[in-house]
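Novice: Structure here, sequence nowhere to be found:
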Ligand SMILES: Nc1nc2c(ncn2[C@@H]2O[C@H](COP(=O)(O)OP(=O)(O)OP(=O)(O)O)[C@@H](O)[C@H]2O)c(=O)[nH]1
């Protein structure tokens with residue numbers, strides 16, 4: 001065979017091999033997309049996405065680098081944080097992120113020294129090459145998806161990045177969709193000012209508790225809470241201060257109740273707390289505890305402390321009363337207490 005023919009055949013088989021590899025990659029990406037389309041929350045989406053990518057592409061490591069504040073910061077804080085996030089994500093400075101993706105393109109390297117300051121310790125031992133994919137939501141670069149491999153040739157700077165670019169865009173799009181859905185859900189069920197659940201969610205929650213109470217005969221009680229002389233606070237210190245008071249009250253109430261209990265903003269300066277599995281006597285004790293807390297803990301405001309007091313009433317389910325009747329009963333008790341407390345305060 002002539003040299004030219006051999007050379008041609010070599011080129012042809014290399015082209016065929018490239019095409020086979022590309023089809024394989026495209027199929028894997030399609031599988032990942034199909035899997036993540038079923039995720040309804042951004043947290044589930046991230047968990048699913050990252051484990052699928054790691055498995056399908058046989059990566060040594062995968063990591064999420066985020067520049068605070070990000071549209072998904074809330075996922076990575078406090079008790080919303082999944083174990084995956086604790087182990088596989090970290091914050092980096094936005095300036096560092098912009099240096100890696102100046103044109104919002106993937107960055108490939110097998111000189112890992114350049115990533116020394118951002119490469120997590122858990123990945124350094126095995127990493128020989130790395131790829132970083134920019135994550136963008138609403139035209140804002142907010143993170144980077146970091147892949148590492150123990151093969152130095154895998155992510156070389158001179159390789160094409162079309163597949164990685166497509167993956168980055170898809171991850172960003174899917175995250176953005178999940179976030180929009182979550183935001184809509186949040187707006188429908190949570191009060192914007194105080195962050196506690198709203199009356200709509202309260203109705204769902206109480207009805208669920210009533211069904212549980214009847215089926216399993218477990219106690220269920222609730223508290224109705226109202227801030228005292230709240231109008232006066234608005235009138236004296238202004239509406240902004242009134243807003244701060246409502247947020248303070250809601251935040252403290254949430255802190256003061258047990259994990260299973262829930263706090264809702266009912267209307268204006270009124271809140272409802274549901275006490276799962278608690279009797280009427282226990283609800284009365286809770287009323288006392290909450291009322292006393294506010295008496296003893298005025299709200300820090302500007303350079304002083306603002307006295308805030310609440311009135312509280314309780315009711316408990318007997319298996320017959322409706323949600324409306326329970327709320328009314330607790331509200332009536334609150335009203336009687338408020339009258340007594342206000343008279344005491346005025347004396
Ligand atoms: N700042 C602020 N005020 C609100 C908000 N929602 C309702 N309010 C005000 O809350 C006040 C509630 O007034 P009232 O129901 O008379 O309550 P109160 O002054 O605490 O009276 P008592 O309950 O009898 O002590 C009204 O003036 C409303 O305008 C809000 O989101 N922010």
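Specialist: Sure, I can see it. Because the structure is predicted, anything quoted here is derived from the model rather than measured.
Novice: Residue 178 and residue 38 touch, don't they?
Specialist: No. Between residue 178 and residue 38 there is no contact, the gap being 11.2 Å when judged by CB atoms under 8 Å. (C-beta placed from N, C-alpha, C; glycine too.)
Novice: who's more crowded, those two?
Specialist: Set side by side, residue 178 and residue 38 give different neighbour counts by other CB atoms under 10 Å, the larger being at residue 178 (20 against 9).
Novice: element containing residue 285?
Specialist: Secondary structure assignment for residue 285, by DSSP states H and E: helix 280-296.
Novice: can you check residue 185 too?
Specialist: When elements are assigned from DSSP H and E, residue 185 belongs to helix 162-189.
Novice: Against which helices or strands is that helix packed?
Specialist: Taking 3 or more CB pairs under 8 Å, 6 or more residues apart in numbering; DSSP states H and E as contact, the helices and strands that helix 162-189 lies on are helix 3-37, helix 42-56, strand 129-137, helix 199-216.
Novice: avg pLDDT for that helix?
Specialist: Helix 162-189 comes out with an average pLDDT of 83.
Novice: Report the angle between that helix and helix 42-56.
Specialist: For helix 162-189 and helix 42-56, the angle between their directions (axes from the mean of the first three to the mean of the last three CA atoms, to 10 degrees) works out to 160 degrees.
Novice: Next up, the contacts around the residue in the stretch 151-300 of the chain positioned nearest to the ligand.
Specialist: Using CB to the nearest ligand atom, the single residue of the stretch 151-300 of the chain nearest to the ligand is residue 242, 2.6 Å away. For residue 242, the contacting residues are 230, 233-234, by CB atoms under 8 Å, 6 or more residues apart in numbering.
Novice: now residue 311, what's its secondary structure?
Specialist: Recorded secondary structure, residue 311: strand (DSSP: H, G, I helix; E, B strand; the rest coil).
Novice: Check the burial of the residue lying closest to it once chain neighbours are set aside by counting its neighbours.
Specialist: Beyond its immediate neighbours in the sequence, the residue positioned closest to residue 311 (CB to CB, 6 or more residues apart in numbering) is residue 338, lying 3.8 Å away. For residue 338, the tally of surrounding residues (other CB under 10 Å) stands at 18.
Novice: So residue 90 versus the ligand, what's the distance?
Specialist: For residue 90, the distance to the ligand (CB to the nearest ligand atom, to the nearest Å) stands at 38 Å.
Novice: Okay, and the beta partners of that residue?
Specialist: According to DSSP bridges, the partner residues bridging residue 90 are residue 65.
Novice: measure it to residue 60 for me?
Specialist: Plainly put, residue 90 is 17 Å away from residue 60 if you go by CB to CB, to the nearest Å.
Novice: So which of the two has more stuff around it?
Specialist: Using other CB under 10 Å as the criterion, residue 90 and residue 60 rank with residue 60 on top: 18 against 15.
Novice: what's the pLDDT at that one?
Specialist: At residue 60, the model reports a pLDDT of 90.
Novice: count of residues packed around the nearest residue to residue 133 once chain neighbours are set aside?
Specialist: When the adjacent residues along the chain are set aside, residue 133 lies closest to residue 168, with 3.9 Å between them (CB to CB, 6+ apart). When neighbours are defined as other CB under 10 Å, residue 168 has 23 of them.
Novice: At the contact with the ligand, which residues of this structure appear?
Specialist: Residues of the chain lying close to the ligand by CB under 6 Å from any ligand atom are 193, 226-232, 234, 239, 242-243, 246, 268-269.
Novice: Mind jotting down where the strands sit in the stretch 201-347 of the chain?
Specialist: Residue ranges of the strands in the stretch 201-347 of the chain, as given by DSSP state E, counting those that start in this stretch, are 220-227, 262-267, 270-276, 299-301, 304-306, 310-316.
Novice: need those strands in JSON lines with distance to residue 156, can you?
Specialist: Conversion of the strands of the stretch 201-347 of the chain to JSON lines gives the following (distance: least, CB to CB, whole Å):
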{"stretch": "strand 220-227", "distance to residue 156": "63"}
{"stretch": "strand 262-267", "distance to residue 156": "54"}
{"stretch": "strand 270-276", "distance to residue 156": "57"}
{"stretch": "strand 299-301", "distance to residue 156": "57"}
{"stretch": "strand 304-306", "distance to residue 156": "63"}
{"stretch": "strand 310-316", "distance to residue 156": "65"}
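Novice: Is it possible to get a markdown table of those strands that adds mean pLDDT and mean neighbour count?
Specialist: Below are these laid out as a markdown table (pLDDT from 0 to 100; neighbours: other CB atoms under 10 Å):
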| stretch | mean pLDDT | mean neighbour count |
| --- | --- | --- |
| strand 220-227 | 97 | 25 |
| strand 262-267 | 97 | 21 |
| strand 270-276 | 97 | 23 |
| strand 299-301 | 95 | 15 |
| strand 304-306 | 94 | 12 |
| strand 310-316 | 97 | 24 |
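Novice: Now do the contacts for the residue nearest to residue 189 when sequence neighbours are not counted.
Specialist: The spatial neighbour of residue 189 that comes closest, neighbours along the chain excluded (CB to CB, 6+ apart), is residue 201 at 4.4 Å. Residues in contact with residue 201 (CB under 8 Å, 6+ apart) are 189-190, 264.
Novice: just to revisit the earlier point, take the helices and strands packed on helix 162-189 and lay them out in CSV including distance to residue 99.
Specialist: As requested, the helices and strands packed on helix 162-189 are arranged in CSV below (distance: least, CB to CB, whole Å):
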stretch, distance to residue 99
helix 3-37, 27
helix 42-56, 24
strand 129-137, 11
helix 199-216, 44
